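*Asks:* pasting a predicted model and its sequence here:
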Amino acid sequence: MPDLRPYQKVSCDFLAARRHALLADAMRVGKTPAAIRAACKAGARTLLVTTPAIAVPQWIGEVERWWEGPLPRFKVWSYDHARAQWESGLRGRCDVFIPDECHFAGNITAARTGMVWGKTGFAWNAGATWPLSGTPAPKTAWSLYPMLKAFGAVKMTPEEFLRRYCILKPMSWIATGTRVEMIPELRALYAPFTLRRTRKDVAPDSEEIGFSFLRVTPTTSVDLKIPPGLTDDQALAWLEENHTRSREDRIDVAMAKCGPLADEIDFCIDNELYEQTVVFGWHKEPLYHLQRLLHQRNLRVEIINGDTPDGKRQEIMAGFRLGTIDVVLLNIATGGTAIDLSAADHGYMLEMDWTPGNNVQAVHRLVSMTKDTKVTIDVVTWAGSCDDWLQQVILTRVQQLAKLY
């Protein structure tokens with residue numbers, strides 16, 4: 001039976017002592033084993049876990065690995081499967097409910113959020129509820145409201161919360177940011193039931209992820225069509241409204257960067273600047289195009305996206321770990337959880353997700369508590385373009401959100 005690290009034992013004790021608790025340790029610090037042992041320590045006989053679909057097999061294996069003694073009756077469901085069960089009338093009680101990656105249930109109008117936090121939801125019927133997330137507010141503080149309300153940390157209405165803590169798009173209830181001056185008050189609201197440690201807290205010698213911009217010359221003169229003269233906050237509001245309508249422009253921009261990026265990767269590997277790398281992207285088409293370009297340069301390349309079967313995904317991770325794969329191209333939506341690419345210390349962002357926290361989740365796939373080398377990420381862009389500006393805005397928002405939790 002494996003043993004928890006000392007800081008994981010702190011997490012275990014913290015959860016086991018509370019009915020409501022948020023474990024918000026940074027990605028790859030080891031929340032899953034701590035939560036499982038906490039449920040065991042609390043004497044849970046029934047356990048329900050909701051998690052992104054990609055992480056279901058991993059969670060099942062981790063429960064079987066970390067549970068001490070006879071296994072409890074447990075279910076590990078994807079959020080979509082759990083929502084279907086809930087909508088069909090399931091209201092069963094469990095001793096411990098763990099909504100993993102709980103930011104997936106941060107939209108107050110979504111059925112998924114009602115399934116987790118509503119008065120007929122699973123948290124309402126659980127003896128203890130312990131949400132887990134390294135990025136509990138991936139966009140703005142608004143994502144925290146359903147959990148804060150369910151845990152009794154706020155009594156205010158949604159509108160009151162939005163006005164007090166969020167930057168709103170004019171004449172609407174759309175949150176485009178978090179009011180920085182209110183962050184200390186927000187932190188005080190969730191502090192009594194939250195435990196948060198970064199890798200630096202638990203491993204002081206470890207290096208934080210370093211971001212920089214790799215500016216390339218595009219193969220065609222394409223750019224995002226963004227209204228001129230927007231402030232950063234206005235740009236984020238524009239992104240919120242146009243994330244689907246701008247799909248073709250975003251694909252064109254990413255495709256234009258693939259040629260220069262393929263040359264960059266080929267040069268770096270050929271000159272032993274690094275042995276392996278990971279490229280993060282949002283749309284499928286640019287990643288498949290980049291794969292073809294890298295194959296033409298005789299590099300060993302694999303893609304992990306929503307179409308990759310679980311067995312193939314495991315095979316790719318094993319090959320990358322053994323060094324038989326040079327480059328992994330990873331879809332950000334798929335790569336936020338249950339992916340280990342820590343054999344590499346370097347990666348590129350061909351496209352950043354317009355939800356800032358999702359980028360943080362993805363790049364932490366290169367992080368491991370067993371290595372102390374610094375992970376560096378190059379954001380691929382070219383100076384003076386709208387794409388360049390927007391990516392700087394998103395990266396700034398990532399750093400701002402880091403102050404919230």
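*Replies:* The structure has been received and is ready for your questions.
*Asks:* got the buried residues for stretch 237-255?
*Replies:* 237-240, 242, 246, 249-255 (16 or more other C-beta atoms under 10 Å). All C-beta atoms are positioned from the backbone trio N, CA, C, and that covers glycine.
*Asks:* in helices only, show me those.
*Replies:* 237-240, 242, 249-255 (DSSP state H).
*Asks:* can you add pLDDT and distance to Ala111 and give the buried residues of stretch 237-255 back as a markdown table?
*Replies:* Below are the buried residues of stretch 237-255 laid out as a markdown table (pLDDT from 0 to 100; distance: C-beta to C-beta, whole Å):
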| residue | pLDDT | distance to Ala111 |
| --- | --- | --- |
| Ala237 | 78 | 25 |
| Trp238 | 79 | 27 |
| Leu239 | 74 | 24 |
| Glu240 | 71 | 20 |
| Asn242 | 75 | 25 |
| Ser246 | 74 | 27 |
| Asp249 | 86 | 31 |
| Arg250 | 87 | 28 |
| Ile251 | 91 | 30 |
| Asp252 | 91 | 34 |
| Val253 | 91 | 33 |
| Ala254 | 93 | 32 |
| Met255 | 94 | 35 |
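*Asks:* for Asn107, what are its contacts?
*Replies:* 113, 143 (C-beta atoms under 8 Å, 6 or more residues apart in numbering).
*Asks:* and it, how far from Ile339?
*Replies:* Per C-beta to C-beta, to the nearest Å, Asn107 is found 24 Å from Ile339.
*Asks:* same check, this time on Arg187
*Replies:* 30 Å.
*Asks:* which one's more surrounded, the two?
*Replies:* The neighbour comparison of Arg187 against Ile339 (other C-beta atoms under 10 Å) goes to Ile339, with 23 against 14.
*Asks:* contact partners for that one?
*Replies:* Counted by C-beta under 8 Å, 6+ apart, Ile339 has contacts 54, 304, 313, 317, 330, 365.
*Asks:* by contact count, what packs against whichever strand or helix holds the third one?
*Replies:* The one in question is Arg313. For Arg313, the element it lies in under DSSP states H and E is helix 310-322. For helix 310-322, the contact count by 3 or more C-beta pairs under 8 Å, 6 or more residues apart in numbering; DSSP states H and E identifies strand 301-304 as packing neighbours.
*Asks:* what is the strand it packs on packed up against?
*Replies:* helix 284-296, helix 310-322, strand 327-331.
*Asks:* out of those, which is the most enclosed?
*Replies:* strand 327-331 (a mean of 26; mean count of other C-beta atoms under 10 Å).
*Asks:* which SSE is immediately downstream of that one?
*Replies:* Following strand 327-331 in sequence, per DSSP H and E, is strand 346-349.
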